[in-house]
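In: Just a sequence and a predicted model for now, questions to come.
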Amino acid sequence: MLRRAGVPVLAAIAASSLAGGAAAEPETIRIACGAAAAFTDAAGRAWREDAGFFDGVAVTDVGAPADIATECRSERYGMSGFWVPAANGRHRVTLTFCEAYDGIEGAGGRVFDVQVEGVPLRGIDPFALGGGRFKPSTRSVVVNVRDGKLDIVFIRNKQSPQINAIVIEPLPFGGETAAPEGFDRARDVPRGEIRPIRYPSKTAGGERPANVYTPPGFSPQRRYPVLYLLHGSGDDETSWTTRGAMREILDNLFAEGQAEPMIVVMPLGVVRWAGAGSDDESREARQKAFERDLMDDLIPYVETNYPVEAETSRRALAGLSMGAGQTCWIGSRHLGRFAYLGMFSGGMVGRTFDDVAAAYPEGVAFNASKKLFWISCGHADVHYAGVLRTLDLFDARGVEYHWLLQDGSHDWPVWREALYLFSQRLFRKSR
C-alpha cells in the first residue's frame, strides 16, 4: 500500500474525511488541495482539507488576490498520484488548476498529463488554460468507479504538475437508468417481425441483402419513423437480430411504452462492386461505397416500399464498432438527412485523425442538424482510447454529443444496453 509520512493513504483519507460513517447516498466530495483545514465557501459548499496525495508539496497560501475563490488560494504541486474512497458508480470529476508560480511567464512553462481512473486528460497547461497567472480553469471528465476508490495519476512533461481543487460528483448512469435485468430477453409481449429483403443496388451492380424489423401491430396504413442500424466488422445484416437481441429489446420497450414504435433497417455493411480492384479495397473506398449504397440505393428503396416517414426528424442512423465509424462518416457528410446519430464503441475509420479533423463540420452547422448525437463505449473496450480521441476532435470542433461510459468491453452486452438506452431517446416530441 502506498504511504505518506508513514501513514497508509486509505487510512488517512478514511479517518479525516469519512468520520461519522458513510452517508446513505453518495455525496459530492470537494478537496481543496494544499489547504490545512476544512472550510465552507461563500456558496455554502463544504470543502475537505488536503489529503489523499502520494507525494508532492502542499502550499497553504499561494499569495492569490483577495477576490479569487477560496479553494484556489492553496495548491499542491509535484505529486504523482491521488486517491480517495468513493462509491462505486459513475462520477463527474472536475479538476481546478490555477498558475501561481512567478517563474512561469507564459503558456508552455508548465505542462503535464492527468489520468482519472485511466481516462487521459492530455497537455494540461494551467497558464494557457486560464489565460495568465491567478486565472483558474477547470477540466472535467466522467468516469466509472468500480473498486470503491477513485484514482488520479499526474505525469510530468515540463515542470511539476500542480492542482488546486478536486470535485467528485456522483452521477446517474450517464443521465440514464442502467438497463434492468432481462431487458434483452423475450417476454410475453406482442412481437415485431423481422424479414430478410433484397434490394437493387446500383453501387454494387446487383441485389444486396438487408433485414427489416417492423414493430408489433404494424400497419401499412400508418407511417413510422425509421432507424438504420449498422453492424460491426466480421458480422452481417443478421447480427443485430441473432446476437444483438434487437427484436427482444424493442418489443419489450414498445410494450412498456418506453420507445416510439419504429421500423429498423439492418443492411450488410460491406459493399462488393463490379470491377473492384486491389486499390478499391482500401478501407476508405469501402466506406465510400457503403455510403453511396445507403444514401442512393437502400434509403430510396425503403421509402418507396415501406410506410416510413421521410422527414429528417424521423430518420436515425446508428451502429456498433465499424458501424459506429460509418455513422460518424456518413452523419457528418449528410447533415440534412439524419436527426439522430448513435455511435456504439467506435469512432473515425478510413482516414487519419488530422484528415477527419480538417473535414468534419463545425459545431454550429452540425449541432443545428441534430436532435441527438449519442456516443457510448465500454470502459474496457480495446478501442476506448480511439473513442476518446474522437471526442477530442468533436470538442475542438464545438460538436455537441451525449457521452455514456458503460461497464464492459467490446462485446454484445455493451451494445445491447446501448441500443436499449439510445432507442428510448429517438423520435420523441421532446428532445
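Out: The structure has been received and is ready for your questions.

In: Relative to the whole chain's centre, how far out is the top helix by length along the chain?
Out: Longest helix of the chain, by residue count under DSSP state H: helix 384-397. Relative to the centre of its chain, helix 384-397 is centred 9 Å away, using CA atoms, centre = their mean, to the nearest Å.

In: can I have the helix or strand that comes right after that helix written out in CSV, keeping just the CAs?
Out: Counting by DSSP states H and E, the element after helix 384-397 in chain order, helix or strand, is strand 402-406. Only the C-alpha atoms of strand 402-406 are listed here, as CSV (Å, rounded to 0.1, in the frame of the first residue of the first chain):
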residue,chain,number,x,y,z
HIS,A,402,-24.3,12.8,-25.4
TRP,A,403,-21.5,10.7,-23.9
LEU,A,404,-22.1,7.5,-22.0
LEU,A,405,-19.2,5.4,-20.4
GLN,A,406,-20.5,1.9,-19.8
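
In: on that earlier part again, from the contact counts, what lies against the longest helix of the chain?
Out: Where contact means 3 or more CB pairs under 8 Å, 6 or more residues apart in numbering; DSSP states H and E, helix 384-397 is packed against strand 119-124, helix 353-359, helix 363-368, strand 372-378. From N, CA and C alone the C-beta is placed, and that goes for glycine too.

In: Could you list the buried residues of the last one?
Out: Same thing as strand 372-378. By neighbour count on 16 or more other CB atoms under 10 Å, the buried set for strand 372-378 is 372, 373, 374, 375, 376, 377, 378.

In: Tabulate the helices and strands packed on helix 384-397 (TSV), appending distance to residue 30 and mean pLDDT.
Out: Converted to TSV, the helices and strands packed on helix 384-397 look like this (distance: least, CB to CB, whole Å; pLDDT from 0 to 100):
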stretch	distance to residue 30	mean pLDDT
strand 119-124	19	89
helix 353-359	35	65
helix 363-368	31	91
strand 372-378	28	92
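
In: most packed of those?
Out: The highest mean neighbour count among the helices and strands packed on helix 384-397, using mean count of other CB atoms under 10 Å, belongs to strand 372-378: a mean of 24.

In: Just want the angle from that one to helix 384-397.
Out: Counting by axes from the mean of the first three to the mean of the last three CA atoms, to 10 degrees, strand 372-378 points 150 degrees away from the direction of helix 384-397.

In: strand partners of strand 372-378, parallel vs antiparallel please.
Out: strand 340-344 (parallel), strand 402-406 (parallel) (DSSP bridges).

In: Least confident of those strands, on average?
Out: Sorting those by mean pLDDT places strand 402-406 lowest, at a mean of 85.

In: got the angle between that one and strand 119-124?
Out: Relative orientation of strand 402-406 versus strand 119-124 (the same axes, to 10 degrees): 130 degrees.

In: any idea which helix or strand comes after strand 402-406?
Out: Sequence order places helix 412-423 as the next helix or strand after strand 402-406, per DSSP H and E.

In: Check what contacts that next one and list those residues.
Out: Residues outside helix 412-423 that contact it (CB atoms under 8 Å, 6 or more residues apart in numbering): 174, 176, 178-179, 183-184, 227, 229, 240, 243-246, 249-250, 253, 259, 262, 318, 320, 342, 344-345, 374, 376-378, 381, 404, 406, 408.

In: What residues sit buried inside it?
Out: Buried residues in helix 412-423, counting neighbours by 16+ other CB under 10 Å, are found at 412, 414, 415, 416, 417, 418, 419, 420, 421, 422, 423.

In: Put together CSV for those residues, with distance to residue 151 and pLDDT on each row.
Out: Shown next, in CSV, are those (distance: CB to CB, whole Å; pLDDT from 0 to 100):
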residue, distance to residue 151, pLDDT
412, 29, 97
414, 23, 95
415, 28, 97
416, 29, 97
417, 25, 95
418, 26, 96
419, 31, 98
420, 30, 97
421, 27, 95
422, 30, 96
423, 34, 97
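
In: Nearest to residue 221 among the residues you listed?
Out: Ranked by distance to residue 221 (CB to CB), the buried residues of helix 412-423 are led by residue 423 at 23.7 Å.

In: okay, now the residue lying closest to residue 77 once chain neighbours are set aside: neighbour count?
Out: Spatial nearest neighbour of residue 77, chain neighbours left out: residue 162 (4.0 Å); criterion: CB to CB, 6 or more residues apart in numbering. By the measure other CB atoms under 10 Å, the count of residues near residue 162 is 27.

In: measure residue 162 to residue 129 for me?
Out: Distance, residue 162 to residue 129, by CB to CB, to the nearest Å: 12 Å.

In: buried stuff in the longest helix of the chain?
Out: Applying 16+ other CB under 10 Å to helix 384-397 flags 384, 386, 387, 388, 389, 390, 391, 393, 394, 397 as buried.

In: I'd like those residues as a markdown table, with distance to residue 66 appended.
Out: Below are those laid out as a markdown table (distance: CB to CB, whole Å):
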| residue | distance to residue 66 |
| --- | --- |
| 384 | 44 |
| 386 | 46 |
| 387 | 43 |
| 388 | 39 |
| 389 | 41 |
| 390 | 43 |
| 391 | 38 |
| 393 | 40 |
| 394 | 39 |
| 397 | 39 |
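
In: Quick check: the farthest pair among these?
Out: The largest separation in the buried residues of helix 384-397, counting by CB to CB, is between 384 and 397 at 20.7 Å.

In: residue boundaries of the helices in the chain?
Out: Assigned by DSSP H, the helices in the chain fall at 9-17, 126-130, 239-242, 246-255, 283-292, 299-305, 322-333, 353-359, 363-368, 384-397, 412-423.

In: Domain map for the chain?
Out: Taking automatic domain parsing as the domain assignment, the ranges for the chain are 3-171, 193-423.

In: and among those, the most buried is which?
Out: Of the domains of the chain, the one with the most neighbours on average (mean count of other CB under 10 Å) is domain 193-423, at a mean of 19.

In: distance between the ends of that one?
Out: With CA to CA, to the nearest Å as the measure, domain 193-423 spans 17 Å from end to end.

In: Great, nothing more from me.
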